[in-house]
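Visitor: the sequence and its predicted three-dimensional model are supplied below.
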Amino acid sequence: MTGSVQILGTGQLVELSRRLRAAGGPRLRRNTARRIRRAAEPLHKDLQRAIRTVQLPGPGRGVRGGPSPTTRPLRATLAGAVRISVRQGASPGARVWIDRSLLPADLRNMPWVIETGRVRHPVFGNRKRWATQWARPAGWWSRTVQAGTPRMRAEVARVLDDVRRDLQ
């Protein structure tokens, strides 16, 4: 699984970045960065929605069980770590990624574990008894990125065309 989605235009964005610097328009640079961020926001929201809707059904608990022993909501925690960053400079572009520093230490790898579709964990912390849960649908990151990247690329291309037109 790719850890982030990047829209990088080694040609168009770098050339545009140079022209923006030469034009010296900080307002134009801020406007461009804002529009590129807006182009990435639908994918950002889709990724958050995807992780919030992934089902992790258990093998069945019968009469045993009860409420979760933790107050930390897993899916909301993972969704909160999905971030957008926009760069302008030598490598301009937009990036949608998971900020692992925002996740608790025991959940740092969980987005990738859920991506594979198989979550194996000790039952209530008991390392002698393990449970396997299957994420449905598996591939929450890769499927969402595959569906959202063309829209994001098209929007960034439209922003670049608009800015290029303004510079001429």
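Guide: Thanks, I have it.
Visitor: so what's the residue count around the residue lying closest to residue 81 once chain neighbours are set aside?
Guide: Leaving out its chain neighbours, the residue that sits closest to residue 81 by Cβ to Cβ, 6 or more residues apart in numbering is residue 102, at 4.3 Å. Bear in mind the C-beta positions are built from the backbone N, C-alpha and C, glycine included. By other Cβ atoms under 10 Å, the residues close to residue 102 number 14.
Visitor: please apply the same query to the one 4 residues further on.
Guide: Number of residues near residue 106 (other Cβ under 10 Å) recorded here: 9.
Visitor: returning to that earlier point: wait, doesn't the residue nearest to residue 81 sit right on residue 80?
Guide: Yes: counting by Cβ atoms under 8 Å, residue 102 touches residue 80, with 6.4 Å between them.
Visitor: one step back: which ones are touching the residue nearest to residue 81?
Guide: 80, 81, 83 (Cβ atoms under 8 Å, 6 or more residues apart in numbering).
Visitor: report pLDDT for it.
Guide: At residue 102, the model reports a pLDDT of 94.
Visitor: cool, and the one 10 residues further on?
Guide: We have a pLDDT of 93 for residue 112.
Visitor: how near is it to residue 98?
Guide: 9 Å (Cβ to Cβ, to the nearest Å).
Visitor: and those two? Which one has more around it.
Guide: Neighbour totals were compared for residue 112 and residue 98, and residue 98 leads with 21 against 13 (other Cβ under 10 Å).
Visitor: and the gap between the more buried one and residue 48?
Guide: In terms of Cβ to Cβ, residue 98 sits 11 Å off from residue 48.
Visitor: any shared contact partners between the two?
Guide: Joint contacts of residue 98 and residue 48 (Cβ under 8 Å, 6+ apart) are residue 82.
Visitor: please identify the buried residues of the lengthiest strand in the chain?
Guide: If you go by DSSP state E, the chain has its longest strand at strand 126-134. Neighbour-count burial for strand 126-134 flags residue 133 (criterion: 16 or more other Cβ atoms under 10 Å).
Visitor: same deal with stretch 80-89?
Guide: Buried residues in stretch 80-89, counted by 16+ other Cβ under 10 Å: 81, 82, 84, 86, 87, 88.
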